[in-house]
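Asker: Need the 3D shape of this:
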Amino acid sequence: MNTNLGDYRKSYEKGELLLSEVPENPMELFQKWFYEIDNFFVEDETNAMTISTIGLDGYPKNRVVLLKRYTYEGFIFYTNYTSEKGKAIDVNPNVCLSFFWHGAERQIIIKGKAEKIAKNLSDGYFESRPRGSQLGALVSNQSEIITDRQCLEDKLFSLEKEYEGKEILRPKTWGGYIVKPIEIEFWQGRPNRLHDRIRYQLQKDYNWLINRLSP
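Answerer: Presented below is the predicted three-dimensional model:
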């Protein structure tokens, strides 16, 4: 197999990112971009982001998860703590998040450290989830090998009967992480591949160093 994609071409012409106009704190620019994408561009899930971890086998691995909250402190998502990504974070909490919003020709890359959020915060979010999603967290031993899909369906059916009319409590193996950024790069596609790249780096005094990078 030899598929040549050299003729794939696109001109990026939907925006610009000027160093003179960016705020001092990158979370303010993230909020602005997220709002614009969510309201003015067609994206299936604006909060879909790729998280990269270093696995126990030493290889990096990417997968898409959903951002559920962001604050000045960082970015929060939820998963199974005993999953492949959870085990990787336990050993090496250095992760990378990325958003790519093709409609606006924008990308954000975030380097940071992941840590578990408080149990009561995970409890609160779990309680807000649809009942089917709550049961799904009980059904799946995420990343473990299974014989077939039917075993999942059978377990779900059994749990639906077991918890009928009962409250479903958050399993201890499921909860949230917050990724606290140390570096955030904003990328805006521009014509002739001369893209705008603005990088924020967290300093020891907790201020952010801002630089423009060559594309």
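Asker: Quick one: distance of the helix or strand of the chain with the lowest mean pLDDT to the chain centre.
Answerer: The weakest-scoring helix or strand in the chain, judged by mean pLDDT, DSSP states H and E, is helix 150-162 (a mean of 91). Relative to its chain's centre, helix 150-162 lies at 29 Å (CA atoms, centre = their mean, to the nearest Å).
Asker: got the CA coordinates for that helix in CSV?
Answerer: The C-alpha trace of helix 150-162 is given here as CSV (Å, rounded to 0.1, in the frame of the first residue of the first chain):
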residue,chain,number,x,y,z
GLN,A,150,-22.7,-9.3,25.0
CYS,A,151,-21.0,-9.6,28.4
LEU,A,152,-21.4,-5.8,28.8
GLU,A,153,-25.1,-5.9,27.8
ASP,A,154,-25.7,-8.7,30.2
LYS,A,155,-24.0,-6.9,33.1
LEU,A,156,-25.9,-3.7,32.3
PHE,A,157,-29.2,-5.6,32.3
SER,A,158,-28.3,-7.2,35.6
LEU,A,159,-27.4,-3.8,37.2
GLU,A,160,-30.6,-2.2,35.9
LYS,A,161,-32.5,-4.8,37.9
GLU,A,162,-30.3,-4.5,40.9
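Asker: what residue is smack in the middle of this protein?
Answerer: The centroid of the chain falls nearest to residue 49 when counting by CA atoms, centre = their mean (3.6 Å).
Asker: mind listing what's buried in the longest strand along the chain?
Answerer: Counting by DSSP state E, the longest strand found in the chain is strand 174-188. Within strand 174-188, the residues scored as buried using 16 or more other CB atoms under 10 Å are 174-179, 181, 183-188. Just so you know, the C-beta spots here come from the backbone N, C-alpha and C atoms, and that holds for glycine as well.
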